[in-house]
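Enquirer: A predicted structure for the sequence below; I have some questions about it.
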Amino acid sequence: MKYIVVTGGVLSGLGKGVTAASIGRILMDKGYDVVPLKIDGYVNVDPGTMNPYEHGEVYVLDDGSETDLDLGHYERFLNTNLTGKSNMTTGMVYRKVIEKERKGEYLGKTVQIIPHITNEIKNRILEFKNDVVLIEVGGTVGDMENAVFIEALRQMAQETGNFLFIHLSYVPVVISGEQKTKPTQHSIKELLRLGVQPRIIIGRCEDELTESTKKKIALFCGVKPEDVLSDPDIADIYDLPMILEKQDVSNKIIKKLKLERKPTYTFKYESIVRRMHECKNEVSIAIVGKYTGLVDAYLSIKEAFKHAGMVNACKVNLKWVESDDLSSEDLYAFDGILVPGGFGSRGVEGKINAIKYAREGKIPFLGICFGLQCAVIEYARNVCGLDKANSTEVDGKTQHPVVDLIPDQKNIDDMGGTMRLGAYPCKIEKSTLAYKLYESEKIDERHRHRWEVNPNYIRMLEENGLVFSGLYPERDLVEIIELPDHPFFIASQFHPEFRSRLERPAPLFVGLVRAAMRRKEVIT
């Protein structure tokens, strides 16, 4: 078993996750069994209770784990489904160590960061049995939060010898056009201070690194010039594996880790990505949400539209519309509307108005999670005549709680990890739009929500034309709704974007893009 560790220097947000995912994809296409692990230094047990503006999207796995958004990159690039073992935080590690201490498992020893915390980190990593464990250390080298993780990795490298450290560092370009290496030099010095010598350095720069820049980084940072690689600005993140492989990154890794070479394997990823750049059509979709100030809050939705666009040979232009200050004029020019998930009462009426506009204007519409609940509220108010209909999440005293907590959610005090999380089955009715899109009566999709459509109102909504085309069979909870007399009006309680891949685009997104294309053809 071999280990690759990707660290970051100078500043955060350089794209370590995409870089790690790209390396993983390259090695996977070379025939290796690769598993990723994201390490986060925050004290939260997981990001589930964080505001999206704090840390971006909370990415949910099949097993219900609420994880860092980089796991979404890993799943999409590697075309795989991960488990919660692939995300480790300071909170997880310390909680486990404290639990052991309370049980007396340390036999009276003084519990310390070294060796008890570092041993817990190492034990979690050693649970993996794959060819290559690809570890991304979140944050920036020098952060107090990730120092203990780097120490644990240093110990493992010393103990096993099967480690390769790759450092991604920012190389700024000053006004004169010169690429400056000093920030990278200081970043590597900090890493050396922690006992780690990277053997490959990747320079994140707006342009490809010049030969003189590579030589200078190599000289001051203790690597060979050919082991300094470029990570320039690119049009799309899915192009990065090709850019790295053109610099022979796979052979460098194979040699340095002494990996057994696998039979020659076609780098088929390139042909898949090429289709993304061969779009013949173009549509514009409005995303009406409450966290639009940070696109990373809806990262999986953005990526799912890329996948759906590729299948339809269509470029999808996304417009992020803040639901707080929405007017109908904001939506007039769009070929489709998506209302995503969210929590709390802010921006709800804007979402409901957007759904009303889509329903009455026959504009293709997709609602996700809270978007489905808002669609039910809108229909109850404006079609069924229940003017005061609402969700108890928004108005705890509403006269018509068409969206409410199910009984086993009403007495929960802890907020973290207590929602309906992870993959659940959904039974789809035949002769519905949902069945046409999924081509199956039974599907599994990932959830992240607490409130549900109130079953006491389903009959009234059905009598007024709303179709409940998908249900969670064990408890008859609503999973999918749709309108048959509309060009494309569908909403899911689950999050289809979490299962979308380049190789397997999410059917609901594919359908929305296709419907938007048809609408554009009719209008023009």
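Expert: That came in fine, so what should we check first? Numbering: from 1, shown residues only.
Enquirer: isn't residue 46 up against residue 65?
Expert: Yes. Here residue 46 reaches residue 65: they are 7.0 Å apart, a contact under Cβ atoms under 8 Å. The C-beta positions use only the backbone N, C-alpha and C, and glycine is treated the same way.
Enquirer: all strands of the stretch 51-200 of the chain, in order?
Expert: According to DSSP state E, counting those that start in this stretch, the stretch 51-200 of the chain carries its strands in the segments 59-60, 66-67, 87-89, 132-137, 163-170, 200-205.
Enquirer: so what's residue 300 closest to, chain neighbours aside?
Expert: Distances taken as Cβ to Cβ, 6 or more residues apart in numbering place residue 497 nearest to residue 300, at 4.0 Å, with adjacent residues excluded.
Enquirer: thought the one you found was touching residue 506?
Expert: Yes. Counting by Cβ under 8 Å, residue 497 does reach residue 506; the two are 6.1 Å apart.
Enquirer: if I look at these two, which residues touch both of them?
Expert: Common neighbours of residue 497 and residue 506, counting by Cβ atoms under 8 Å, 6 or more residues apart in numbering, are residue 304.
Enquirer: who touches both of residue 46 and residue 65?
Expert: residue 87.
Enquirer: so where is this structure shaky, pLDDT-wise?
Expert: 264-267, 408-418 (pLDDT under 70).
Enquirer: let's see that with 80 instead.
Expert: Segments of the chain classed as low confidence (criterion: pLDDT under 80) are 53, 55, 263-268, 325-330, 344-345, 347, 406-419, 524.
Enquirer: can you list the domains in it?
Expert: Domain assignment for the chain by automatic domain parsing gives 2-272, 279-523.
Enquirer: chain center to the longest one, what's the gap?
Expert: The offset between the C-alpha centroid of domain 2-272 and the centroid of the whole chain comes to 16 Å, using Cα atoms, centre = their mean, to the nearest Å.
Enquirer: endpoint to endpoint, it covers what distance?
Expert: Taking Cα to Cα, to the nearest Å as the measure, domain 2-272 stretches 28 Å from start to finish.
Enquirer: contacts only, for residue 223.
Expert: Residues in contact with residue 223, defined by Cβ under 8 Å, 6+ apart, are 198-201, 217.
Enquirer: is it in a helix, a strand, or coil?
Expert: coil (DSSP: H, G, I helix; E, B strand; the rest coil).
Enquirer: now it: how far from residue 192?
Expert: 12 Å (Cβ to Cβ, to the nearest Å).
Enquirer: check residue 8 too.
Expert: 15 Å.
Enquirer: go on, residue 28?
Expert: With Cβ to Cβ as the criterion, residue 28 and residue 192 are 31 Å apart.
Enquirer: more neighbours: which of the two?
Expert: More crowded of residue 28 and residue 192, by other Cβ atoms under 10 Å: residue 28, with 21 against 14.
Enquirer: for that one, which non-adjacent residue is closest in space?
Expert: Using Cβ to Cβ, 6+ apart and skipping the chain neighbours, the partner closest in space to residue 28 is residue 34 (5.1 Å).
Enquirer: okay, and the beta partners of the one you found?
Expert: residue 132 (DSSP bridges).
Enquirer: quick one: it and residue 24 touch, right?
Expert: Yes. At 4.7 Å, residue 34 counts as touching residue 24 under the criterion of Cβ under 8 Å.
Enquirer: name the residues contacting each of those two.
Expert: 78, 132, 134.
Enquirer: for residue 145, state which of those residues is nearest.
Expert: Comparing the shared contacts of residue 34 and residue 24 against residue 145 with Cβ to Cβ places residue 134 closest, at 20.7 Å.
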